[in-house]
Every structure is written in C-alpha cells, then in structure tokens.
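S.K.: what's the 3D shape of this:
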Amino acid sequence: MSRIRIDNPKRKINPLYLVFCEGVTEESYAKYLRSKFRIPIEIRTKVTGQSITDKVITNHVKEIRKGAYSELDKCYLMYDLDSPEFSDRLREITKGIILASNPCFELWYLLHYCSQRSYITSDKCKQELKKYNTSYEKGKLNQQLKVSLDTHLTAAILRAKELGESGNPSSTIYKFAEEIIERDKERHH
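M.R.: Residues are numbered from 1 along each chain as shown. Modelled structure (predicted):
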C-alpha cells in the first residue's frame, strides 16, 4: 500500500527589524523593547557609530539574510542629530527609516518624564534627565528608567509628536516604539 504524502506548508519566517545604532544607549533601548514586547519579530541591532552608509546596511542585510530580504523586513537608523555634518550624511541614506533625536537620544528618555520644548544641548539634556533619574548612566537601563519607559511611553510619544521631526529639540524614536506596539496588538488579536 502506498503512502500519501502531505506537503507541509513552508515554514513562516518572522520579519527582521534591523536597528543600526550610533551607540550603546540606542542599542540598549532597542534591546529593551525586544524583551518587553515578545512579538514574532526578530530585532537585531548593530552599533556603527557615525560610519553608517547604504553599503554598510546592504552588506549587513546580506550577511544576516543570506540575500533573502523579505518585504516584511525593516531597517531603522537610530542616531543623534547633534552634528550638522552627520545629519546631512544621514539624510542621504536611502535604505532605512531614520529615527533621530536632536540633540541626543537622552531626549527620548527625558520625554518620558516631562515636556522639553526649548532648545537644549546634549549635556543639558543629560543633566535634566539626571534630575528625574539620579542614577542614570549612559548606555544602561536602570530599574527606575525601565519603570518610566513602561508607564510613560504613551505620554513620551505624544510629547515627541508635538515637537515635530526636525529641529532642536526633536525625537522620532516614537516611530519605532509605535511599530512595536502595533505588532504587539496584532499578536493579541
């Protein structure tokens, strides 16, 4: 008697979100979101400093996906806009969604605590953040910061949107947070 072979459907490959980061602060935030929202998306980070280019992105995608980039995959560029020369170069990159903070990533953290509408330097931004989180260290997420990131995310998103997408202060990190939240909602429906 012959057996009937039933083909298994192709194994579904989860979307890949590549997050190219300027430094460890941005990377720690992306990893935090990955651990907080256990969604069926692979989030991979790569710290590049300011050496990000379309070629760096293309080579990294080839290395990870072996050339099989899915239409569901996304590439994000999480960088500070405190350097005008770098800002101009970053805008020339076509292979990613820019998630930028001006003057620095700590502005995104600060927006979880309060509104910041006036011009601010990177140093002043970090000082203001330390007023709310006295044990803050660059690149590390202490428990107090995690609590604020969890409980004040919606407020931070609204505050960031009010600032706009360019100028000082501004942060578009909320776009990545909203994407992850949306994927989490889809998973629960």
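S.K.: From here on, just use CA atoms for contacts and neighbour counts.
M.R.: Noted.
S.K.: How many residues are close by Tyr32?
M.R.: 14 (other CA atoms under 10 Å).
S.K.: which residue ranges form the strands in this structure?
M.R.: For the chain, the strands defined by DSSP state E cover 16-21, 42-47, 74-80, 97-102, 170-171.
S.K.: Give me whichever of those strands is most buried.
M.R.: strand 170-171 (a mean of 30; mean count of other CA atoms under 10 Å).
S.K.: and it, which strands flank it?
M.R.: Strand pairing for strand 170-171, using DSSP bridges, gives strand 97-102 (antiparallel).
S.K.: Now Pro103: phi and psi?
M.R.: For Pro103, the backbone dihedrals (degrees, to the nearest 10) come out as phi -90, psi -30.
S.K.: wait, it sits on Ser118?
M.R.: No - taking CA atoms under 8 Å as the definition, Pro103 is not a contact partner of Ser118, at 11.5 Å.
S.K.: These two: which is more packed in?
M.R.: Comparing Pro103 with Ser118 by other CA under 10 Å, the one with more neighbours is Pro103, at 24 against 9.
S.K.: mind checking how far that one is from Val56?
M.R.: 24 Å (CA to CA, to the nearest Å).
S.K.: Surely Gly167 touches Cys104?
M.R.: No - taking contacts as CA under 8 Å, Gly167 lies outside contact range of Cys104: 11.8 Å.
S.K.: Pick out whichever of these two has more residues nearby.
M.R.: The residue with more neighbours, out of Gly167 and Cys104 and counting by other CA under 10 Å, is Cys104; that gives 26 against 14.
S.K.: Using a markdown table, please lay out the strands of the chain together with distance to Arg34.
M.R.: Output for the strands of the chain, formatted as a markdown table (distance: least, CA to CA, whole Å):
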| stretch | distance to Arg34 |
| --- | --- |
| strand 16-21 | 10 |
| strand 42-47 | 7 |
| strand 74-80 | 14 |
| strand 97-102 | 16 |
| strand 170-171 | 20 |
